[in-house]
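Colleague: below is the sequence, then the predicted model.
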Amino acid sequence: MNHLIAGGTQAIVGNLTGKQLDKVTGDIPYLAENGADVHRDIKTIADCMLYLCKKEDKNTKPYYERITLQPGTLIPMLNEAHDRNYNMALLSAATTVNFQVIGLGQAFSLSLMPGWNVLNMPDGTLWGLPSAAAANVSILYCASDVMFGNAI
């Protein structure tokens, strides 16, 4: 990150120095011919730096949400909606959960144990309870860019 900031700063300083030299010495051929390209590149660098800074700020904190899974209904996991790479679920009791991962076809079941379960399912994964489940189950869902433990 420091290299990006240093590079962006050097580019901006170089551009400002070129403008000052232009005032003193007259026309500088490189900036005169390619000035629009230089400004576009600097704007691109600045936009990338802003994106990386915002992404770093946002991803320092995990996202938590209480989810209620219902029998026979698959709902999307929230990692894609919150731009996070990893996901976990906190359960109070052992529960069988169905997962449908995009590209794998039919849903499959996993038995999740009480406590934190590291899932790390890909974007677009659907999850829910089997149709034969007795009742709804409340889960504390966590989406994070920090990997905790191993996936089940």
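Modeller: Nice, thanks for sending it over.
Colleague: next, F99: secondary structure please.
Modeller: Following DSSP: H, G, I helix; E, B strand; the rest coil, F99 is assigned to strand.
Colleague: residues in contact with it?
Modeller: By C-beta atoms under 8 Å, 6 or more residues apart in numbering, the residues touching F99 are A107, F108, S109, L110, M121, T125, L126, W127. Placement of C-beta: from N, CA and C, glycine included.
Colleague: filter those down to the buried ones, PyMOL style.
Modeller: Burial among these is assessed by 16 or more other C-beta atoms under 10 Å; the matching PyMOL selection reads:
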select buried, resi 121+125+126+127
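Colleague: switch the contacts of F99 over to CSV; also include distance to L74 and secondary structure.
Modeller: Below are these laid out as CSV (distance: C-beta to C-beta, whole Å; DSSP: H, G, I helix; E, B strand; the rest coil):
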residue, distance to L74, secondary structure
A107, 7, coil
F108, 12, strand
S109, 12, strand
L110, 13, strand
M121, 12, coil
T125, 9, coil
L126, 4, strand
W127, 6, strand
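Colleague: out of the contacts of F99, who's nearest P76?
Modeller: P76 has its nearest neighbour among the contacts of F99 in L126, at 5.7 Å by C-beta to C-beta.
Colleague: wait, that closest one touches L69, no?
Modeller: No: judged on C-beta atoms under 8 Å, L126 makes no contact with L69 at a distance of 10.8 Å.
Colleague: what do those two both touch?
Modeller: Residues touching both L126 and L69 by C-beta under 8 Å, 6+ apart: I75.
Colleague: any chance of the contacts of F99 in TSV, plus distance to L50?
Modeller: Putting these into TSV (distance: C-beta to C-beta, whole Å) gives the following:
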residue	distance to L50
A107	40
F108	41
S109	43
L110	40
M121	30
T125	30
L126	34
W127	34
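Colleague: having no further points to raise, I will conclude here.
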